[in-house]
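[1] attaching a predicted model along with its sequence, questions to come.
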Amino acid sequence: MTVRKKGPSGARPTGPNLGLAFKLLGLAGPENRPSFTCTISQAIVRGALIKTPWCCKYCEKATSDGHPVCIPYAAQLKNLLDASKNEMTMPNSYCLVCHQLGGEEHSLHDSKTILIDRQEKMPAAFVTGKEPWAGIFQEIQSDFFGYIHLNKPEGARCTVCNDLLQAYGQGLYKGPFHFCSLKCFVENRGGAAAAHLAEKILAVNFESNANAFCLPCEIAFDVQEDSGHVTHGWSNIIADSGHRPRVQVPTNHQLILEWKEIKVRPAGDPDTVEYLIQDCISVRCQHCKMRLVDDCGKYCTLECSLDWQNQHRLIPRPLQLKGVS
């Protein structure tokens, strides 16, 4: 049984005292946050409440479609999303019984209250996977410390694959990005002069020993074994066995202008930027197609999880199974 910290009156701290509750739980800062032996997604799956995929993970009533929450409760959870989109004090809590933000009047519902705080500037629920309601967040990605974002991030998306390029108000580099990788750039701009070199880089065998690309000769080579291209202009290639290969380009090179629509990433050197060539390994959110950090998840946020469930509830079960196969 999980032992919870109580306030002086025996009730769970809420309102102004909720910050103390976070400190008691070890959430005062990254250095004090608890560590887990498995990811939060795995912990939720192992939770005692998840007895079968055919029951609601909150009310435990049978469902006919296998989704984590039943239709009535999914509609109620929209209140949590609406509340988190509006300005509210942080940290805070949300009562799953009354479907309202926390307060002293919800202290009797201690075991049915979600702690909420900001993580990466976005409202997030703190879930260890042991709570009786943890199954609500089943298959949603989380960070290592147990935070699960509530709302789908808003920002620029890749024109081709819909991956999140840059959330509003975030990002080291700011620009009118339209593509997440060279592959998406070529798919949309194939045949254009600016895409010519990107097409050559995409054709590289990333399982070879090549770790550089000669720009004048348009060929990949190994810096240690082939010195013939070292005197030419060349760029580093991080092959990553073809899973997520990247190419590094000096900030003063003309490619920066030709590839201005492709998202740039820091390369650890202020005079160099990095471009993702392709991504053949990342798991994506089933609803919005954003790349997920947690490969155990299927959705990026609670909002995408509920939206995906709502859309697929409109499809007859035999057609859902046919689409999966």
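    Nice, I can see it.

[2] next, the buried residues of stretch 123-134.
    By neighbour count on 16 or more other Cβ atoms under 10 Å, the buried set for stretch 123-134 is Pro123, Ala124, Ala125, Phe126, Val127, Thr128, Gly129, Glu131, Pro132, Trp133, Ala134. Just so you know, the C-beta spots here come from the backbone N, C-alpha and C atoms, and that holds for glycine as well.

[3] start and end of it, how far apart?
    One end of stretch 123-134 to the other measures 17 Å (Cα to Cα, to the nearest Å).

[4] one more: stretch 287-305?
    Stretch 287-305 stretches 7 Å from its first residue to its last (Cα to Cα).

[5] same check on stretch 297-304?
    For stretch 297-304, the first-to-last residue distance is 12 Å (Cα to Cα).

[6] and that stretch, how far out from the chain's middle?
    Relative to the centre of its chain, stretch 297-304 is centred 8 Å away, using Cα atoms, centre = their mean, to the nearest Å.

[7] Ala124 touches Tyr147, doesn't it?
    Yes: at 4.1 Å, Ala124 counts as touching Tyr147 under the criterion of Cβ atoms under 8 Å.

[8] identify the contacts common to the two.
    Common neighbours of Ala124 and Tyr147, counting by Cβ atoms under 8 Å, 6 or more residues apart in numbering, are Asp117.

[9] what comes into contact with stretch 249-259?
    The contact list for stretch 249-259, computed with Cβ under 8 Å, 6+ apart, reads 182, 185, 193-194, 197-198, 215, 233, 235, 264, 270-275.

[10] most neighbours among those, please name it.
    Highest neighbour count within those: Phe185, with 28 neighbours (other Cβ atoms under 10 Å).

[11] after the helix or strand containing that residue, which helix or strand is next?
    Assigned by DSSP states H and E, Phe185 belongs to helix 182-189. Where DSSP H and E defines the elements, the next helix or strand beyond helix 182-189 is helix 193-202.

[12] any stretches of this structure with poor pLDDT?
    1-54, 63-66, 87, 103-106, 144, 168-175, 313-325 (pLDDT under 70).

[13] kindly recompute the last result at 80.
    1-67, 86-88, 102-110, 143-144, 167-176, 190-194, 227, 294-295, 310-325 (pLDDT under 80).

[14] could you chop it up by domain?
    Domain assignment for the chain, taken from automatic domain parsing, gives 15-152+289-324, 157-276.

[15] could you export those domains as JSON lines, including distance to Val283?
    Below are the domains of the chain laid out as JSON lines (distance: least, Cβ to Cβ, whole Å):
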{"stretch": "domain 15-152+289-324", "distance to Val283": "5"}
{"stretch": "domain 157-276", "distance to Val283": "12"}
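
[16] nearest approach to Ser282 belongs to which of those domains?
    domain 15-152+289-324 (4.5 Å; Cβ to Cβ).

[17] residues of stretch 82-99 that come out buried?
    Across stretch 82-99, burial judged by 16+ other Cβ under 10 Å covers Ala83, Ser84, Pro91, Asn92, Ser93, Tyr94, Cys95, Leu96.

[18] list the contacts of the first one.
    Counting by Cβ under 8 Å, 6+ apart, Ala83 makes contact with Tyr94, Gln100, Leu101.

[19] got phi/psi on the first one?
    Dihedral angles of Tyr94 (phi, psi; degrees, to the nearest 10) stand at phi -130, psi 130.

[20] next, find the distance separating the nearest residue to it once chain neighbours are set aside from Lys57.
    Excluding its sequence neighbours, the residue lying closest to Tyr94 (Cβ to Cβ, 6 or more residues apart in numbering) is Ile114, at 4.7 Å. Distance of Ile114 to Lys57, given as Cβ to Cβ, to the nearest Å: 13 Å.

[21] neighbour count: these two, which is higher?
    Neighbours were counted for Ile114 and for Lys57 using other Cβ under 10 Å; Lys57 has more, 24 against 21.

[22] I'd assumed Pro132 was in contact with that one.
    No: the pair Lys57 / Pro132 is not scored as a contact, 9.2 Å apart, by Cβ under 8 Å.

[23] return every residue with contacts to both of Ile114 and Lys57.
    Common neighbours of Ile114 and Lys57 (criterion: Cβ under 8 Å, 6+ apart): Trp133.

[24] before we move on, back to that, what is the nearest of the contacts of Ala83 to Gln166?
    Tyr94 (28.6 Å).
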